[in-house]
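Novice: just the structure for this:
(chains A and B)
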Amino acid sequence: MTLTQLVGILAAVCLFTALCFVFSYAQIEKTMLEVQKIFYFHVSSAFTVFLAFGVTFLCSIFYLIKRNEKFDLLAVASAELGIVFCTVVLTTGPIWAKYAWNTWWNWEPRLTSTLILWLMYIGYFILRSALPEEKKRVYSAVLGILAYLDVPIVYFSVELWKDKLHPGIETKMNLPPTMFKTWVIAWLALTVLYVFFLMLRFQTERLKSRLETIQYQQMEGT
Amino acid sequence: MTGIHQVGWLIRKDLALQFRTKDTLALILVFSILVVLIFIFAFGSIFPQGAAERGKLAASALWSAFAFAGIITLNRSFEIERADGALHGIRLTGIDPGNFYLAKVLSNLVLLTGLEIIVLLVGLQFLDVFDTLTPDLQKKLPQILVQLMGVLAIGALGFCAVGVVVSGVSTSTHGNESLLSVILLPLILPVIMAGAKCTVSLLTIGALKGLFWITLLAAYSLVFLASSFLLFEFVIED
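Specialist: Residues are numbered from 1 along each chain as shown, chains lettered A, B, ... in the order given. The predicted structure is shown next:
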């Protein structure tokens, strides 16, 4: 059994455990009732977004220093997953907002900043597809670094922009014990899932890169 | 040649190129005024009558015009360098990439700030903001205009700080102008938001409502100036 398969099984087990905790262990919140359970995946996805774009940021820096293709492939794979988890945040956020604040979208700073972040990384991929092969890696690394500088603004926007509509960090720390434990498990489950997807995407990108090299060498030979 | 001399010569070169042909200057000036006009016509029937509401509309129209005009300016400024291998020529002279970046930021800053001041005055006149200001604000008009120009200059610095790097990247692609908009606009949204907020408070209450937005604008500009300064070397490498 390969390491990827092991991590895959671990991710499945963690997700199943998280679902069990969400629906059977965590107490039901008094005002929002069952809808509140979206919180466990909404907040955990948001944390995974920061992790994913953080990995892209670090790998972009390492790529610019070392010029090793592996870092570029990891950066791209992680950015893709970041967009996926960011989409989850942007989908579950409005569902929460509809029940909590009676509107799907209210231009609340943290949700707005997440949308900006999502658009930035979509731009990252548009740029990558438009660039010539020899410049693709360096330029996307540069953009990967610049885009991540916006992440602290996303995370601390509630505190910075002085809008207390969105629950802040202290809300998560003041959760009842059953809810807090469930949230930690959901967060761990999504992190393991992210690692599993990252390994898969990295391997796929590496195989793609090897195939392109072989095709190029064959063309050179003929 | 010291770093300051290098930056000075490069700024002179950029400004001389722009003022000799004047086509980009004319283009961005007319384009910015057209954006303000489009806002006026598009708002037509719901055009606000009160001074406060007009101030808000003016801030939106002006910052939209600045953003679009800024994209054209930055794109043109880097297209010149990419054409006919001009960039290679500059690199061969041994100029430090950091100095080249600073010169590009400063030359674009001069152009954009100058343009924004003209568009600000024309736009405020077209939107009847001057006439609808309260007597109290009318008295403070020179101070308000000076503060507005300061906000525009800081906003333009943030815009150019990140825009020079992104335009350097996007001019290497096909269809670069539309690509520059897609990449640059999300990156500079905080600058536009903070700039528009400062403009609204200056036009409606005659002063900045707290220092939060102007601090955010300045901090964002400095963060991107420092990081882009370090990254620019990779943008112009062969």
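Novice: remind me, longest helix of the chain?
Specialist: All of this is about chain A. Longest helix in chain A, counting residues (DSSP state H): helix A:177-221.
Novice: my bad, chain B
Specialist: Under DSSP H, chain B gives helix B:51-82 as its longest helix.
Novice: would you confirm that B:Q6 contacts B:P97?
Specialist: No - at 10.7 Å, B:Q6 does not count as touching B:P97 under the criterion of Cβ atoms under 8 Å. C-betas here are computed from N, CA, C, even on glycine.
Novice: would you point out which residue is most central in the chain?
Specialist: In the absence of a named chain, this looks at chain A. For chain A, the residue nearest the mean C-alpha position is A:V49 (2.5 Å; Cα atoms, centre = their mean).
Novice: meant chain B actually
Specialist: Centre-most residue of chain B, counting by Cα atoms, centre = their mean: B:A156, 3.7 Å.
Novice: so what's the spatially closest residue to that residue that is not a sequence neighbour up against?
Specialist: Counting by Cβ to Cβ, 6 or more residues apart in numbering or on different chains, B:A156 lies nearest to B:L112, which is 4.3 Å off, once chain neighbours are set aside. Shown in contact with B:L112 (Cβ atoms under 8 Å, 6 or more residues apart in numbering or on different chains): B:66, B:69-70, B:73, B:156, B:159-160.
Novice: can you name the two of those that are farthest apart?
Specialist: Farthest-apart pair in the contacts of B:L112 is B:A69 and B:C160; separation 12.3 Å (Cβ to Cβ).
Novice: residues in contact with stretch B:225-238?
Specialist: With contact meaning Cβ under 8 Å, 6+ apart, stretch B:225-238 is reached by A:64, A:138-139, A:141-142, A:145-146, A:149, B:87-88, B:91, B:97-98, B:100-102, B:105, B:157-158, B:161-162, B:164-165, B:168-169.
Novice: let's see it at 7 Å
Specialist: Here stretch B:225-238 makes contact (Cβ atoms under 7 Å, 6 or more residues apart in numbering or on different chains) with A:64, A:138, A:142, A:145-146, A:149, B:87, B:91, B:97-98, B:100-101, B:161-162, B:164-165, B:168-169.
Novice: restricted to helices, list those.
Specialist: Using DSSP H, the contacts of stretch B:225-238 in helices are A:64, A:138, A:142, A:145-146, B:87, B:91, B:97-98, B:100-101, B:161-162, B:164-165, B:168-169.
Novice: quick one on the thing from earlier: list just the nearest of the contacts of B:L112 to B:K56.
Specialist: B:F66 (16.0 Å).
Novice: separation between that closest one and B:I11?
Specialist: Remark: distance between B:F66 and B:I11 (Cβ to Cβ, to the nearest Å) = 21 Å.
Novice: quick one, which of the two is more surrounded?
Specialist: Comparing B:F66 with B:I11 by other Cβ atoms under 10 Å in any protein chain shown, the one with more neighbours is B:F66, at 28 against 19.
Novice: how about the contacts made by the more buried one?
Specialist: Counting by Cβ under 7 Å, 6+ apart, B:F66 touches B:E116.
Novice: distance of it from B:L141?
Specialist: According to Cβ to Cβ, B:F66 and B:L141 sit 21 Å apart.
Novice: repeat for B:G3
Specialist: According to Cβ to Cβ, B:G3 and B:L141 sit 41 Å apart.
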